[in-house]
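J.: test case, fold it:
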Amino acid sequence: MKSYNACGISVLNPVDVEKDYLNFTVDYAIKLGFNHFQLIGPIHNNVRGNVDGMVYYKKYSQFNNEKDSEYVDYNLEVVNPALEKLHNAGVKSYMWHHELELPVAFTEAFPEVLNSDGDVEVSHPLVKDFLENKIKDFFDEYPLMDGIILTLHETRIPLLKLKNQKLGKVERVKYVTKILYDTCKSLGKELICRPFASIEEDYVMMTKAYEEISTDMVIMDKWTQFDWSLTLPDNKFFAKIKNNPILVETDIFGEYFGKGRFPLMLKEHIEHKVEYCDTFSPIGFCSRIDRAGRHPFGDVNEVNLVIMNACVRGMDVNTAIDNFFESEYPNCGKQVREIMENTEDILKKIIYLKGYYFSELSLFPSINHSKNHFYFEMMKDSFELCSGEWFIPPQWERGSLQSVFEEKDQAMAMADQNYQKLCALKGKLDQEKYDKLHVKFLNLKLCAQAWRILTDVFYNYAKFFEYDDASKEAELYKSLDKLCEIRDLGIQQLGGNFYCSQGDSILVTSTGKSDFISRLVEQIKESFPVEKATFEQLKKQDLLDYVICGGGSEGHKIKKEVNFSDTKVENGRLFRVPGSLRQGFSSVNAHGWFSYEIKVKPNALNQISVVCGSLSPELNLKVTIDEKQTIIKEKDCQVKEITIPYQADKNDCVRIRFDRITGLVPVVYQIKVKA
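T.: Okay, here's the model as predicted:
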C-alpha cells in the first residue's frame with residue numbers, strides 16, 4: 001500500500017465557512033484516514049476571504065471596522081471545534097491565504113507606504129509589521145491550525161504587478177513570502193506555497209524565490225499545468241522543483257467540467273495523473289472536492305473521491321469503483337457504471353472544441369468570455385490564434401469546420417444514448433437515486449444540444465463579418481431563437497435544476513437574468529447590431545486595415561495578458577480594456593495589456609489611428625508600435641482619436657500594443673490604418 005506524508009482534501013472552495021458541511025468533511029477526512037485537511041473559504045471576497053476575514057486585528061484594530069464582524073464571530077465559533085477534532089485524530093489542518101492584502105484604509109492612514117506612482121511600496125517597514133501581526137493574530141485565535149497555504153495572486157493589491165518598486169519581482173516574492181514563513185516558523189507553524197502562475201516566467205521566478213527562502217518549505221502545485229482544464233498537459237514544471245518537497249494539488253470535482261452539474265467519472269484522468277506525479281516523489285496529494293457551494297456527497301460523482309482514494313492508497317481501482325456502484329445502486333450497479341464510463345468523453349466533446357477549452361467555468365459562456373477565448377475567431381476559415389494563453393493545447397489543430405460540427409453531433413448522440421439507458425432503469429432503481437441521476441443525465445443531453453446550437457451562433461456571427469455575408473444575419477437570429485427553445489425546454493423539464501438556470505458564487509450575470517442562455521442571447525443581440533453598424537462605417541473608408549476592438553470580428557492575432565482583457569458595449573460603442581473591468585480588482589495598481597497584428601504598407605509612411613477613451617474622468621494609456629511608445633494622458637476625455645505616424649520597413653504588418661498604466665480604466669474602440 002502506498003504511503004504519503006500528506007494525503008488529504010481541501011474544502012469550502014471558495015465559499016463562506018458553513019458549520020454543518022465543515023463538520024461533515026472533517027468527519028469524512030478522519031473516516032478515510034486522511035492526515036491533511038485544507039480550509040479554503042471565500043478567498044475571492046475582499047472582506048471575508050483569507051486570514052484577514054477570520055480574525056480581528058489587535059495592533060491594527062483601527063481597521064476592524066472594515067471587517068464583517070458577524071462572519072468573523074461565526075468562524076471563531078465553528079472553526080476551532082472542527083480543528084480540535086482534526087487535531088485529536090492526528091490530521092494536520094491548514095488555512096488558505098492570499099497576499100498582498102492590506103485594509104482599504106491602510107494607505108490613507110499610512111500614506112508613507114505609497115510610492116510616487118501611487119502604488120504600495122512592498123518593502124516599507126509598516127507593510128512588514130502589518131503582515132507579521134495579522135499572522136500572529138490569526139494563530140492566536142486558531143491555535144490548533146497547523147499552517148497556511150499561501151498564494152501570491154488574486155488580491156486587491158497584486159504583488160507582481162505593482163509599479164516603481166525597490167525590489168524586483170523575484171526579490172518581492174521572496175521578501176513577502178519570507179515574512180510569512182519566518183512568522184509561521186516562530187510560532188511553530190508551517191507555510192506551504194502555491195506558485196499558481198499563469199505564465200512560465202512567473203512560475204520559474206516564484207519557485208526560485210521559494211527555494212532560496214528554505215528548501216524545507218513545501219511547494220504545492222497543480223497536477224495539470226497552469227490550471228484545471230483537462231486539456232492541459234501534465235505539469236512539467238514539477239521537474240523544476242529540485243530541492244523543495246512537492247505536494248500535488250488535484251481537482252477531482254470537475255472545475256471545468258460542470259462543477260457537479262453533469263455526471264462525470266474521471267477514472268483514466270485520475271489514474272494517469274497520480275502515476276505521472278509519482279515520478280517526482282511528492283510528499284502527497286491534496287484533492288479539491290467541492291466548488292462554488294456544490295459537492296459530490298450522496299451523488300454519483302462521489303465515485304471520483306473513491307477513485308482518488310484508491311489510487312493514493314495503492315488499492316485496485318476497478319474493485320473500488322464496482323464496490324461503490326454496487327453499494328449506492330443495488331441491483332443496478334453494473335448498469336449505472338456502464339453509463340458513467342464515457343461521461344468524461346462526452347463532456348470533452350461538448351464543452352471543448354477539438355481539445356480546446358470552450359466554456360466559461362463549465363457554465364454557458366458570457367459574450368466577453370467568448371470574445372476573450374476566441375470562439376468567434378475559431379469559426380473563420382482562416383482563423384488565427386496567437387495568444388499563447390494556457391487553454392490552447394500545444395500544437396492544437398482545429399481541423400475543418402465540418403469536423404467541429406461533427407464533434408458536437410457526436411456529443412448529442414452519445415448523451416442521448418446514455419439518457420435512454422438511464423430511463424430504462426426507472427423502476428429498478430430507488431426512486432430518489434433515480435431522480436438524482438435523471439437530473440444529471442437530462443442536463444447532459446440538453447447541454448449537448450445547447451452547445452451544438454451555440455456553435456451555430458458563433459459560426460453565423462463570424463461568417464457575417466468574414467465574408468460580408470448578409471444572409472448570415474438571419475441565420476444568426478434563427479440560432480438564437482433555437483437556443484431560447486432549449487432554455488425553455490430545460491426550465492420546463494428541470495426547473496431550477498437546469499444547469500443553465502443555476503447561479504454561481506463565482507460568476508454574477510451582468511443582465512440579472514436567472515439563466516445563462518438568456519444572458520448570452522441578450523448580449524449578442526446588443527453586440528451584433530453595434531458591430532454591424534461600425535463594420536458598415538469602416539468599410540466605406542479608404543483604409544488599409546482596421547480593427548473593431550471588442551468585436552467578434554476583431555481577430556488580428558490578438559494577444560493579451562492571460563485572459564485579463566475585458567470587452568463591452570457601452571453608449572453604442574464596442575471596446576476592449578487592457579485589464580479587467582471588475583470593480584475593486586487591482587484598484588490600487590495598473591495592470592493589463594492586449595495587442596494586435598495589423599497590416600501596413602511596406603517601405604512607406606503609414607498613419608495608424610487609435611480611437612480610445614476612458615471610463616473615468618482621465619485617460620491614461622500607453623500605445624506601443626514596433627517598440628516605439630506613445631503615452632496618452634488627458635483629463636475630461638471620453639473619446640479621442642490620435643494618429644501615430646509609422647514608417648514601415650519591408651514587412652507588411654506590425655504589432656500594436658495597449659497597456660493600462662494607472663488604476664484608471666482606459667478603453668480602445670477602433671484601430672485604423674492608412675498608407
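J.: span of stretch 390-408 from start to end?
T.: 23 Å (Cα to Cα, to the nearest Å).
J.: list the buried residues of that stretch.
T.: For stretch 390-408, the neighbour count (16 or more other Cβ atoms under 10 Å) marks Trp390, Phe391, Ile392, Pro393, Arg398, Leu401, Val404, Glu407, Lys408 as buried. Backbone N, C-alpha and C define where each C-beta goes, glycine included.
J.: kindly report the same for stretch 416-427.
T.: Within stretch 416-427, the residues scored as buried using 16+ other Cβ under 10 Å are Asn418, Tyr419, Leu422, Leu425.
J.: ditto for stretch 468-478
T.: Lys472, Glu473, Glu475, Leu476, Tyr477.
J.: the second one sits in which helix or strand?
T.: Element membership of Glu473 [criterion: DSSP states H and E] is helix 471-494.
J.: who touches the helix or strand following that helix?
T.: Counting by DSSP H and E, the next helix or strand C-terminal to helix 471-494 is helix 516-539. Defining contact as Cβ atoms under 8 Å, 6 or more residues apart in numbering, one finds that helix 516-539 is touched by 363-368, 370, 450, 454, 457, 461, 464-465, 468, 473, 476, 480, 483-484, 486-487, 500-501, 509-511, 513, 546, 548, 551-553, 569, 572-574, 670, 672.
J.: what lines up beside the helix or strand following helix 516-539 in the sheet?
T.: Remark: after helix 516-539, the chain's next helix or strand is strand 545-548, criterion DSSP H and E. Applying DSSP bridges, strand 545-548 is found paired with strand 666-674 (antiparallel).
J.: domain parsing for the protein?
T.: 6-323, 343-526, 541-674 (automatic domain parsing).
J.: now do the helix-or-strand element of the chain with minimal mean pLDDT: distance to the chain's middle.
T.: The weakest-scoring helix or strand in the chain, judged by mean pLDDT, DSSP states H and E, is strand 356-357 (a mean of 86). Its chain's C-alpha centre and that of strand 356-357 lie 13 Å apart, by Cα atoms, centre = their mean, to the nearest Å.
J.: run through the chain and note the low-pLDDT ranges.
T.: 1, 502-514, 563, 582-591 (pLDDT under 70).
J.: re the thing from before, who wins for proximity to Gln335 among the domains of the chain?
T.: With Cβ to Cβ as the criterion, Gln335 lies closest to domain 343-526 of the domains of the chain, at 5.9 Å.
J.: show the end-to-end separation of the closest one, please.
T.: Counting by Cα to Cα, you get 35 Å between the two ends of domain 343-526.
J.: before we move on, the earlier item: could you list the paired strands of the least confident helix or strand of the chain along with their orientation?
T.: Short version: by DSSP bridges, strand 356-357 pairs with strand 352-353 (antiparallel).
J.: mind putting the domains of the chain into JSON lines with distance to Phe535?
T.: Formatted as JSON lines, the domains of the chain follow (distance: least, Cβ to Cβ, whole Å):
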{"stretch": "domain 6-323", "distance to Phe535": "33"}
{"stretch": "domain 343-526", "distance to Phe535": "6"}
{"stretch": "domain 541-674", "distance to Phe535": "7"}
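J.: so which of the ones you listed gets nearest Arg337?
T.: So among the domains of the chain, domain 6-323 is nearest, using Cβ to Cβ, at 6.5 Å.
J.: how long is that closest one from one end to the other?
T.: 26 Å.
J.: pull out the buried positions in stretch 567-579.
T.: Result for stretch 567-579 [16+ other Cβ under 10 Å]: buried residues Thr567, Lys568, Val569, Arg573, Leu574, Phe575, Arg576, Val577, Pro578, Gly579.
J.: roughly how far does Tyr329 sit from Lys428?
T.: From Tyr329 across to Lys428, the span is 9 Å (Cβ to Cβ, to the nearest Å).
J.: the two: which has the busier surroundings?
T.: Taking other Cβ atoms under 10 Å, Tyr329 and Lys428 do not tie; Tyr329 has more neighbours (21 against 12).
J.: the nearest residue to the more buried one once chain neighbours are set aside: what's it in contact with?
T.: Residue nearest to Tyr329 in three dimensions, not counting chain neighbours: Val336, with 4.6 Å by Cβ to Cβ, 6 or more residues apart in numbering. Each residue near Val336 by Cβ under 8 Å, 6+ apart is listed here: Val300, Phe325, Glu328, Tyr329, Leu425, Leu429, Leu437.
J.: now for the buried residues of stretch 390-408: which two are most distant?
T.: In the buried residues of stretch 390-408, two members sit farther apart than any others by Cβ to Cβ. They are Trp390 and Leu401, at 24.7 Å.
J.: got the residue ranges for the helices in the stretch 151-300 of the chain?
T.: Secondary structure of the stretch 151-300 of the chain (DSSP state H, counting those that start in this stretch): helices located at 169-186, 200-213, 267-278.
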